[in-house]
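Colleague: sequence and predicted model, in that order:
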Amino acid sequence: RNASTIINAGWNASNFWDGRAITLENQAFGPVVNPIEMNNTWQNAENMLNASVTYKNLFKKAFNIDDIDSTHVVMAIAQFERTLISANSKYDKYLRQEVQLTPSELNGYVIFNTEKGDCFHCHTTILFTDNLFHNNGLDSIFNDEGLSNITNNPNDQGKFKTPTLRNIEFTAPYMHDGRFTTLEEVIDFYSEGIVWSSTIVPLKKKERKGGVHLNEEEKNNLIAFVKTLTDTTFVNNSDYSNPFK
């Protein structure tokens, strides 16, 4: 299962691919006890943190508490996550009229924002996500039912949260289960690999034809535009690096 990207997460309406956590604090409770992540207990995690003079001092400074508990741990994590704001990509600079896009990037922009590529319906707003859940045509039989696991509504089968496309160049693998390793594979899927099922997003008007059927030049242009969402200022920000190195 592929992890969601934590970029501009303060504007998330829900978290995890299936939306099972509403707030970032709710989300942060999960990984510690998840058997396929940290596979730990919160009591053990609290004991380990309280055994660290460094963390005891940090939590005392931040929250004025003497004993570290899970509630304050997730508060600290969520507050840090809210600082992970990416808004200085080439596309942002283009919107601010600081730079120009290349012809290839501009052509990709048109493909992205028209029915030609059919990307803009879900990857909308300046966040490049609609914060909603969609079945994007990956499968006709669902090994993971996605949102339906949470709502118990069969109409939600195969629906997963729309991820942001910001810095997507660096966040492989792609899709909720990480089945695609490159952006080229992702574009190929939307071009000619879509599989119809009853809950597929109705905005995908070409789903019964297998996709939008882009030629190689159009695919390259679309990828060129998507890469304008790369924010090197964000990626190289030392405030987000390991503070102990």
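Modeller: Cool, the structure landed. Numbering: from 1, shown residues only.

Colleague: mind pulling up the pLDDT for residue 242?
Modeller: Residue 242 carries a pLDDT score of 83 in this model.

Colleague: roughly how far apart are it and residue 59?
Modeller: 18 Å (Cβ to Cβ, to the nearest Å). For glycine as for every other residue, the C-beta is placed from the backbone atoms N, C-alpha and C.

Colleague: ok, the two, which is more surrounded?
Modeller: residue 59 (22 against 6; other Cβ atoms under 10 Å).

Colleague: per-residue pLDDT, the more buried one?
Modeller: In this model, residue 59 is scored at 97, pLDDT.

Colleague: dump the residue contacts of it.
Modeller: By Cβ atoms under 8 Å, 6 or more residues apart in numbering, the residues touching residue 59 are 49, 65, 68, 72, 76.

Colleague: wait, a strand at it?
Modeller: No - counting by DSSP: H, G, I helix; E, B strand; the rest coil, residue 59 falls outside a strand, being helix.

Colleague: next, find the distance separating it from residue 66.
Modeller: Per Cβ to Cβ, residue 59 is found 9 Å from residue 66.

Colleague: residues of stretch 51-64 that come out buried?
Modeller: 56, 59 (16 or more other Cβ atoms under 10 Å).

Colleague: chain center to it, what's the gap?
Modeller: Remark: stretch 51-64 is offset 31 Å from the chain centroid, using Cα atoms, centre = their mean, to the nearest Å.

Colleague: now do the strands in this structure.
Modeller: With DSSP state E as the criterion, the chain has strands at 133-134, 160-161.

Colleague: mind checking those strands for the one nearest to residue 145?
Modeller: Nearest to residue 145 among the strands of the chain is strand 160-161 (9.8 Å), distances taken as Cβ to Cβ.
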